[in-house]
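Peer 1: got a sequence here, can you model it:
(one chain, ligands or ions: 1)
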Amino acid sequence: MRSPWHSLAGGPPESRLLASVAEFTHHRDIDALDHSLVLSLAELISVSSVTLCKRGESLQLPVDSIVVCSRNAAGAFVVEALDPSRDGDPIDTIVCAMETLEAISDVTEDGTCRLVIPIQRDHAAIGALMLESEDSLDGVRNMVEGYARIYGNYIALLNESERDKLTGLYNRRSFEQRLQRLLKLQRQRARAAAKGEDERRLPFEADVSQIWLAILDIDHFKRINDTYGHVYGDEVILMLAQQMRHSFRQSDVLFRFGGEEFVMLIAAQDERVAHMALDRFRHFVAEHAFPQVGHVTVSIGYARITENDYPEIVLDRADKALYFAKENGRNSVHGYEALTERGELGAAVALGSIDLF
Ligand SMILES: Nc1nc2c(ncn2[C@@H]2O[C@H](COP(=O)(O)OP(=O)(O)OP(=O)(O)O)[C@@H](O)[C@H]2O)c(=O)[nH]1
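Peer 2: Next up is the predicted model:
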């Protein structure tokens, strides 16, 4: 049987191993980290491919991203992102390893040896690594499990730096990257739909073709702080964030931008659906009695965002719509496009309060 290790010009496996771990963990960007992980493993072990799957947040989309490193016709390693909405083998095998938290080692019908190792965090799988090779992968199983553990720990650290400490929502720092990810996912889905793939293979949001950027601001929050103190103010922010999580789809992306200001990236077929989702949340908040503080209202402004838009411009549009809501009685939801169509956002509307990048 051939050794699963590549011939090691640079010394024994240990030093090569450490160099490889150091290489992939020097990245601070999650996409770059994923890319580097699959490439590092492919360069270290004799494999035909290394795949990293990340778990999706909904049952309809069990896999959120797929990154594969394999050889091209010239024999060089290439890393590419694949459409995560695919199913069948090997995705089913990977999902099985994630669900059972057990490694799977098997041989496919065409004789390829396959090793699938779940990546765990807090006793749940956040993803899985899959290696494919012409040779047995038994000898590298411990090492790949070690990589999966290092990756899981490192991702947790990176995720922490992306989160707002009080609410656990994403923070402003992670906005740009999360937005680009969401737009990329939309593009992949649109492409899959355009190719006429079997509808059942796409998640239920497959018909969604638009993303809406909404800014939510708590009304008269200063009064809440002044009347009840900052601790109760913080409690309102925290509870509102929890309600947001329950109210919006798991695939929507929620941020606390700072203070009493939240940003949401929402997928919806059209403006009517986006408006309904936002207004339902506004209504829910207005009806809710917060401990001690009682009733609180929120104002929301939103605008459509596409791949071709500068995020700063769309943030400013949503902020103009929010400003309009604040100027017109608060406790309401307004869309930039509808306001513009109706001519209600004249030149007289001042630039909103949000700090642009
Ligand atoms: N408790 C608490 N208060 C905060 C936090 N960040 C900002 N604030 C307060 O939030 C208040 C925001 O007030 P303003 O921007 O004047 O707006 P507002 O009172 O909400 O009034 P409108 O937005 O016009 O409805 C200020 O008093 C800030 O001190 C925070 O993290 N916790």
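
Peer 1: distance of the residue in the stretch 1-150 of the chain that the ligand sits nearest to from residue 36?
Peer 2: Nearest to the ligand in the stretch 1-150 of the chain, going by C-beta to the nearest ligand atom, is residue 28, at a distance of 25.8 Å. For the C-beta atoms, the positions are set from N, CA and C on the backbone; glycine is no exception. Using C-beta to C-beta, to the nearest Å, residue 28 is found at 11 Å from residue 36.

Peer 1: looking at these two, which has the bigger crowd around it?
Peer 2: Per other C-beta atoms under 10 Å, whichever of residue 28 and residue 36 has more neighbours is residue 36, with 20 against 10.

Peer 1: let me know the secondary structure of the more buried one.
Peer 2: helix (DSSP: H, G, I helix; E, B strand; the rest coil).

Peer 1: and the pLDDT at it?
Peer 2: Per-residue pLDDT puts residue 36 at 94.

Peer 1: tell me the contacts of it?
Peer 2: Neighbouring residues of residue 36 by C-beta atoms under 8 Å, 6 or more residues apart in numbering: 23-24, 27.

Peer 1: tell me which parts of this structure are close to the ligand?
Peer 2: For the chain, the residues in contact with the ligand (C-beta under 6 Å from any ligand atom) are 217-222, 225, 230, 233-234, 237, 259-260, 326, 330.

Peer 1: just the residues you listed: which are in helices?
Peer 2: Residues of the residues of the chain next to the ligand located in helices (DSSP state H): 221-222, 225, 230, 233-234, 237, 326.

Peer 1: using TSV, lay out these together with neighbour count.
Peer 2: Listed next are these as TSV, based on neighbours: other C-beta atoms under 10 Å:
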residue	neighbour count
221	17
222	10
225	16
230	10
233	21
234	13
237	21
326	18
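
Peer 1: which parts of the stretch 201-350 of the chain are helices?
Peer 2: 221-228, 230-247, 271-287, 311-327, 336-341 (DSSP state H, counting those that start in this stretch).

Peer 1: list the buried residues for the longest one?
Peer 2: Put plainly, it is helix 230-247. Neighbour-count burial for helix 230-247 flags 232-233, 235-237, 239-241, 244, 247 (criterion: 16 or more other C-beta atoms under 10 Å).

Peer 1: which other helices and strands does that helix contact?
Peer 2: Secondary-structure packing of helix 230-247 (3 or more C-beta pairs under 8 Å, 6 or more residues apart in numbering; DSSP states H and E): strand 210-218, helix 221-228, strand 253-258, strand 261-268, helix 271-287, strand 289-290.

Peer 1: look up phi and psi at residue 135.
Peer 2: Note on residue 135: backbone dihedrals following degrees, to the nearest 10 are phi -110, psi 160.

Peer 1: so who does whatever residue of the chain ends up closest to the ligand touch?
Peer 2: Scanning the chain for the residue nearest the ligand gives residue 233, at 2.6 Å (criterion: C-beta to the nearest ligand atom). The contact partners of residue 233, by C-beta under 8 Å, 6+ apart, come to 221, 224-225, 260.
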